[in-house]
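**Student:** Build me a model from this:
(one chain, ligands or ions: 1)
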Amino acid sequence: MWPAESSTRHPDAALLTVRGLRKSFASNRVLASVDITVERGKVLALIGPSGSGKTTLLRCLNGLAIADGGTIDVAGELNLDFAAAPSRPQLAALRDRSAMVFQHYNLFPHMTVLQNIIEGPVVVQRRSREEATAEALTLLDRVGLTEKRDSHPFELSGGQQQRVGIVRALALRPQLLLFDEPTSALDPELVGDVLRLIRELADEGWTMVIATHELEFAREVAHEVAFIDGGVILESGSPAQVLRDPQHPRTRQFLQRLL
Ligand code: ADP
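**Tutor:** Modelled structure (predicted):
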């Protein structure tokens, strides 16, 4: 498998820099002002209560939702200023740099596993079907799902579907992997395989933002943990700092409830 993205023309720039990101749905202000920075090869775990804006933030980072204000910079190469309404090519470039793994997998139900994986590379990225298929098969082999290549999603367990979801994201060769509570829809016995795969990707140096309720996993895998509440990052720091010695009362309250 190809390595995670490493060298770029701006080696000093963080892979992702978000400043003052805002997003409302009608009068519901969901992201009030979000600042995050993720260095290359690092993992940011995003924790926070339900409705705090985690999914919306990830969707904004992926260009699936368009922020109302603030900036997103990727690798010092792509700078989007949402106060000035980014152009279509800029949004397309943002979508191309990242790939999302969804809570409910979001595989295309009418397509086989292999078709699900090569759809983006072939249709959106215009890569050759042969090359995309070869890469997809390498990735499927890696996650032990080669024999499922011609199955449809409904024939797979939730854990298998999510591993296909992760392979589908990797097949896009993104600089940034975004995970939206990747294990929260899974039966407990299926969570381990998916977390193990994400941990391997972290070890390989993929840059990732992971919204998760798996605090033990966040503690082990993340380089930084950010606590979001009411659309604002209230606290961020090393896993030990935020999870073991939280400073903000809301972080303490949130963690106590999960214990
Ligand atoms: P979390 O992932 O932390 O649970 P979300 O980002 O899913 O939080 O949701 C935050 C708030 O944004 C919720 O109040 C939700 O109802 C609202 N919201 C999210 N997406 C939409 C949408 N497409 N239209 C209207 N409201 C939305």
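**Student:** And the strands in the stretch 1-150 of the chain?
**Tutor:** 16-25, 28-38, 43-47, 69-74, 78-81, 98-101 (DSSP state E, counting those that start in this stretch).
**Student:** where's D141 relative to R163, distance?
**Tutor:** Note on D141: its distance to R163, by CB to CB, to the nearest Å, is 12 Å. Just so you know, the C-beta spots here come from the backbone N, C-alpha and C atoms, and that holds for glycine as well.
**Student:** out of those two, which sits in the more crowded spot?
**Tutor:** Higher neighbour count among D141 and R163: R163, with 28 against 14, using other CB atoms under 10 Å.
**Student:** just to revisit the earlier point, what's the closest of the strands of the stretch 1-150 of the chain to Q90?
**Tutor:** strand 78-81 (5.4 Å; CB to CB).
**Student:** partner strands of that closest one, parallel or antiparallel?
**Tutor:** strand 69-74 (antiparallel) (DSSP bridges).
**Student:** Distance from the strand it pairs with to the middle of the chain?
**Tutor:** Distance, stretch centre to chain centre, for strand 69-74: 16 Å (CA atoms, centre = their mean, to the nearest Å).
**Student:** quick one on the thing from earlier: most tightly surrounded among the strands of the stretch 1-150 of the chain?
**Tutor:** The highest mean neighbour count among those, using mean count of other CB atoms under 10 Å, belongs to strand 43-47: a mean of 26.
**Student:** What count of nearby residues applies to L94?
**Tutor:** 21.
**Student:** That one - nearest residue in space that isn't next to it in sequence?
**Tutor:** G63 (4.3 Å; CB to CB, 6 or more residues apart in numbering).
**Student:** near the ligand, which residues of the stretch 1-150 of the chain show up?
**Tutor:** For the stretch 1-150 of the chain, the residues in contact with the ligand (CB under 6 Å from any ligand atom) are 25, 28, 30, 48, 50-56.
**Student:** Okay, now stretch 201-220: how far is its last residue from its first?
**Tutor:** Its start and end residues considered, stretch 201-220 measures 13 Å (CA to CA, to the nearest Å).
**Student:** Show the model's pLDDT score for E189.
**Tutor:** pLDDT for E189: 89.
**Student:** Mind telling me what element it is part of?
**Tutor:** Using DSSP states H and E, E189 falls within helix 188-203.
**Student:** Now that helix: buried residues?
**Tutor:** Neighbour counts using 16 or more other CB atoms under 10 Å place 190-191, 193-195, 197-198, 201-202 of helix 188-203 among the buried residues.
**Student:** Touching it from outside, list them.
**Tutor:** Outside helix 188-203, the residues that touch it by CB atoms under 8 Å, 6 or more residues apart in numbering are 4, 43, 143, 157-159, 162-163, 166, 170, 177, 179, 182-183, 186, 208, 210, 214, 217, 220-221.
**Student:** how near is the residue nearest in space to the middle of the chain to E224?
**Tutor:** In the chain, the centroid-proximal residue (CA atoms, centre = their mean) is L178; its distance is 0.7 Å. Note on L178: its distance to E224, by CB to CB, is 15 Å.
**Student:** thinking again about what came up before, how about the backbone phi and psi for the residue nearest to the centre of the chain?
**Tutor:** Main-chain torsions, L178, degrees, to the nearest 10: phi -120, psi 130.
**Student:** Do I have it right that it meets N62?
**Tutor:** Yes. Counting by CB atoms under 8 Å, N62 is a contact partner of L178 at 5.7 Å.
**Student:** tell me, what's touching those two both at once?
**Tutor:** 98-100.
**Student:** Identify the farthest-apart pair in the residues of the stretch 1-150 of the chain next to the ligand.
**Tutor:** F25 and G48 (17.5 Å).
**Student:** among the contacts of helix 188-203, which are in helices?
**Tutor:** 158-159, 162-163, 166, 170, 217, 220-221 (DSSP state H).
**Student:** and the residues you listed, which are buried?
**Tutor:** Neighbour counting with 16+ other CB under 10 Å marks 158-159, 162-163, 166, 170, 217, 221 as buried within the ones in helices among the contacts of helix 188-203.
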